[in-house]
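Asks: 3D model of this:
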Amino acid sequence: MANITAAEIAGFSISALLLIAALAAPKVNSFVVHSQRRSLECGGM
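Replies: This next block holds a predicted model:
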């Protein structure tokens, strides 16, 4: 692991971002559902 190339660093970075996005997706989804439900309860806007 002494010689890490730029492509490997980019690959690790993208993998980490995808992992974080996958873990955060349920929380984002529940926030969207909650805000849509609140919008419907308030009569649209």
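Asks: Contact partners for residue 5?
Replies: Listed by CB atoms under 8 Å, 6 or more residues apart in numbering, residue 5 has no contact partners. Where C-beta positions appear, they are placed from N, C-alpha and C, glycine not excepted.
Asks: Likewise for residue 8?
Replies: Listed by CB under 8 Å, 6+ apart, residue 8 has no contact partners.
Asks: which regions of the chain lie under the pLDDT threshold?
Replies: 1, 43-45 (pLDDT under 70).
Asks: which residues of it fall in helices?
Replies: Ranges of helices within the chain are 6-41, based on DSSP state H.
Asks: Run a quick neighbour tally on residue 16.
Replies: Applying other CB atoms under 10 Å, we find 10 residues neighbouring residue 16.
Asks: where's it relative to residue 2, distance?
Replies: Counting by CB to CB, to the nearest Å, the separation of residue 16 from residue 2 is 21 Å.
Asks: One more: residue 32?
Replies: In this view, residue 32 and residue 2 are 45 Å apart by CB to CB.
Asks: do residue 8 as well
Replies: Residue 8 sits 12 Å away from residue 2, going by CB to CB.
Asks: what does residue 31 give?
Replies: Between residue 31 and residue 2 the distance, using CB to CB, works out to 43 Å.
Asks: Who has more neighbours out of those two?
Replies: Between residue 31 and residue 2, counted using other CB under 10 Å, the more crowded position is residue 31 (10 against 3).
Asks: OK, contacts around that one?
Replies: When contacts are counted by CB under 8 Å, 6+ apart, residue 31 is found next to no other residue.
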